[in-house]
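Undergrad: Need a 3D model of the following:
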Amino acid sequence: MKKTLINFGLILTAFFIFFLQSNFFNWFNIAGVMPSLFAIYILFIGLFSNKTIGTIYGIVVGLILDALVSSKIGITAVSLGVIGFLTSIFDKNFSKDSRITIMFMVLGSTIVYELINWGLSYIFISTNVEIINFIKILGIEVVFNLIITIIIYPLIQKCGYYIENEFKGNRLLTRYF
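TA: Modelled structure (predicted):
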């Protein structure tokens, strides 16, 4: 029952993030660049639940975003699915208690997300993207995501440990032995 309520809460959070991404950050952007809140969202789902749930949420949220916003379905789904899967590496090798570590995780996931989006768009849609312009946009987006992560991390950490206790249980010793 608790897992069902957690999943319902995560779905409501996805709708709230979509509202923020499509409405609020259209007005509040830096040089026309908006943050990729869904990359942060999927990163934290994967960190605090497990790689299967992170990957499933990444693919489903990506498919919904592609259906609502994009011209080709599947590009964002693949990008967010990869982020959800890669968080298992982050979870096993890094601590979730340090803000610096979390900032590096957000930095890495944002770069991976944008590179996969850019690469797949280049392959399937044949978009011409200038490398210098892409690097400038990527830098602004990384800084924007890091600022947002610093601001909301205490809330994410509190909710995340609750989710982790439900999905993973309290298996601290079995993780190291």
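Undergrad: Disregarding residues adjacent in the polypeptide, which is nearest to G74?
TA: Once its chain neighbours are removed from consideration, G74 has its nearest residue in D66; the separation is 6.2 Å (Cβ to Cβ, 6 or more residues apart in numbering). Where you see a C-beta, it was placed from the backbone N, CA and C, and this is true even at glycine.
Undergrad: State the helix or strand in which that neighbour lies.
TA: Assessed by DSSP states H and E, D66 sits inside helix 51-68.
Undergrad: Which positions in that helix come out as buried?
TA: Of all the residues in helix 51-68, those buried under the rule 16 or more other Cβ atoms under 10 Å are 51, 53-55, 57-66.
Undergrad: how about those residues in CSV, adding pLDDT and distance to N7?
TA: Compiled in CSV, the buried residues of helix 51-68 are given as follows (pLDDT from 0 to 100; distance: Cβ to Cβ, whole Å):
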residue, pLDDT, distance to N7
K51, 80, 16
I53, 89, 9
G54, 88, 13
T55, 92, 15
Y57, 93, 9
G58, 93, 14
I59, 94, 15
V60, 94, 11
V61, 93, 13
G62, 92, 17
L63, 93, 17
I64, 92, 15
L65, 90, 18
D66, 89, 21
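Undergrad: which helices and strands sit right next to the host helix or strand of G9?
TA: According to DSSP H and E, G9 maps onto helix 2-19. Judged by 3 or more Cβ pairs under 8 Å, 6 or more residues apart in numbering; DSSP states H and E, the packing partners of helix 2-19 are helix 37-48, helix 51-68, helix 131-167.
Undergrad: Okay, buried residues for that helix please.
TA: Of the residues in helix 2-19, those buried under the neighbour-count criterion (16+ other Cβ under 10 Å) are 6, 10, 14, 18.
Undergrad: residues touching V143, list them.
TA: Applying Cβ atoms under 8 Å, 6 or more residues apart in numbering, we find V143 in contact with I30.
Undergrad: on that earlier part again, and the helix holding D66, what does it pack against?
TA: Under the contact criterion of 3+ Cβ pairs under 8 Å, 6+ apart, the helices and strands touching helix 51-68 comprise helix 2-19, helix 37-48, helix 75-93.
Undergrad: V106 is nearest to which of those?
TA: Closest to V106 of the helices and strands packed on helix 51-68, according to Cβ to Cβ: helix 37-48, at 6.0 Å.
Undergrad: Can I get that closest one in CSV? Just the C-alpha atoms.
TA: Extracted C-alpha coordinates of helix 37-48, given in CSV (Å, rounded to 0.1, in the frame of the first residue of the first chain):
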residue,chain,number,x,y,z
LEU,A,37,14.0,19.2,-14.5
PHE,A,38,13.1,15.8,-15.7
ALA,A,39,16.7,14.7,-15.8
ILE,A,40,17.1,15.7,-12.1
TYR,A,41,13.7,14.0,-11.3
ILE,A,42,14.7,10.7,-12.9
LEU,A,43,18.2,10.9,-11.3
PHE,A,44,16.7,11.1,-7.9
ILE,A,45,14.1,8.4,-8.5
GLY,A,46,16.8,6.1,-9.6
LEU,A,47,19.1,7.0,-6.7
PHE,A,48,16.6,6.5,-4.0
